[in-house]
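coords please:
(one chain, ligands or ions: 1)
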Amino acid sequence: MTRGRWLSERRADPWIRMAKKEGYPSRAAYKLKHIQRQYSIIGPGDVVVELGAAPGGMLKVASQLVGEKGLVLGVDVRPISCTGENIRHLKIDIYDPLAPREILRLLEGAGCDVLISDASPNLIGVPEIDTLRQLDLVIRCCEIADEVLKDDGNIMLKAFECPELARLDRVLRGCFKNYKRVTTPPSLRKHSSEVYLVGIGRWKAPIAPLLRAAVG
Ligand SMILES: C[S@@+](CC[C@H](N)C(=O)[O-])C[C@H]1O[C@@H](n2cnc3c(N)ncnc32)[C@H](O)[C@@H]1O
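All right, here's what the predicted structure looks like:
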């Protein structure tokens, strides 16, 4: 896409205009608001970790939801523009083996109540490859959740529809008290097959090894 076309598409996007007007760094803010309205994944006083948080639309929503007694930590390789009293940043690749330890250090060892991921790889436009890379990100996010998410915690992870997702659903349904695959309104999605995997109340068992075994 040329820069001119990209700019005119941005100007025409009502969600981007609304985000600008309401002070959110990105339109992704409205995806979290949509899911929060249905599933109340974040509560006042919660500690929330967001993987793939730049520029910070969802982070700002999470910061408003947890309030002054809560804390939100945004993790990304890119700079996060959203700041606030209850917001912390960590600049790291989530595949870095030190990422879980660094997250826990910034949370003072206590872990988080909610882990969300809106992380996406740079899409190359080949659906088979983009989808598998997104699937691998989901599993990596669950590896991190296994180390930093408290028992009974919640997750919300971005994925793309693909045949393997049914197997992930089966595993996640067994790992959470309540599990749903959620879509946001079509006008909010950049990638038509984008979905969020929402788990409420994790049981104690580790999730990632079960997911790896399920997708082979
Ligand atoms: C769609 S954007 C996130 C938007 C964000 N949730 C918001 O509300 O503004 C996806 C982000 O995932 C990040 N990302 C992708 N792979 C990553 C990785 N391996 N480690 C850390 N961040 C990653 C990208 O840098 C990008 O900022």
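
Around the ligand, pick out the residues from the chain.
Within the chain, the positions lying close to the ligand (C-beta under 6 Å from any ligand atom) are 25-26, 28, 52-58, 76-78, 93-95, 118-121. Placement of C-beta: from N, CA and C, glycine included.

Please list all residues in contact with residue 182.
Taking C-beta atoms under 8 Å, 6 or more residues apart in numbering, we find residue 182 in contact with 35, 38, 39, 195, 196, 197, 198.

Quick one: the helices in this structure, in order.
Counting by DSSP state H, the segments of the chain that form helices are 3-12, 14-22, 29-39, 57-66, 99-106, 127-148, 165-175, 208-215.

Can you add mean neighbour count and mean pLDDT and give those helices back as JSON lines?
JSON lines is the format used below for those (neighbours: other C-beta atoms under 10 Å; pLDDT from 0 to 100):
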{"stretch": "helix 3-12", "mean neighbour count": "10", "mean pLDDT": "70"}
{"stretch": "helix 14-22", "mean neighbour count": "13", "mean pLDDT": "93"}
{"stretch": "helix 29-39", "mean neighbour count": "18", "mean pLDDT": "97"}
{"stretch": "helix 57-66", "mean neighbour count": "25", "mean pLDDT": "98"}
{"stretch": "helix 99-106", "mean neighbour count": "16", "mean pLDDT": "97"}
{"stretch": "helix 127-148", "mean neighbour count": "19", "mean pLDDT": "94"}
{"stretch": "helix 165-175", "mean neighbour count": "17", "mean pLDDT": "95"}
{"stretch": "helix 208-215", "mean neighbour count": "16", "mean pLDDT": "94"}
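
now those helices in TSV, with distance to residue 202?
Formatted as TSV, those follow (distance: least, C-beta to C-beta, whole Å):
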stretch	distance to residue 202
helix 3-12	37
helix 14-22	31
helix 29-39	14
helix 57-66	18
helix 99-106	16
helix 127-148	8
helix 165-175	6
helix 208-215	12
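
Nearest to residue 83 among the ones you listed would be which one?
Ranking the helices of the chain by proximity to residue 83 (C-beta to C-beta) places helix 57-66 first, at 9.3 Å.

Give the other helices and strands that that closest one contacts.
Identification of packing neighbours for helix 57-66 by 3 or more C-beta pairs under 8 Å, 6 or more residues apart in numbering; DSSP states H and E yields helix 29-39, strand 47-51, strand 71-76, strand 112-117.

Great, nothing more from me.
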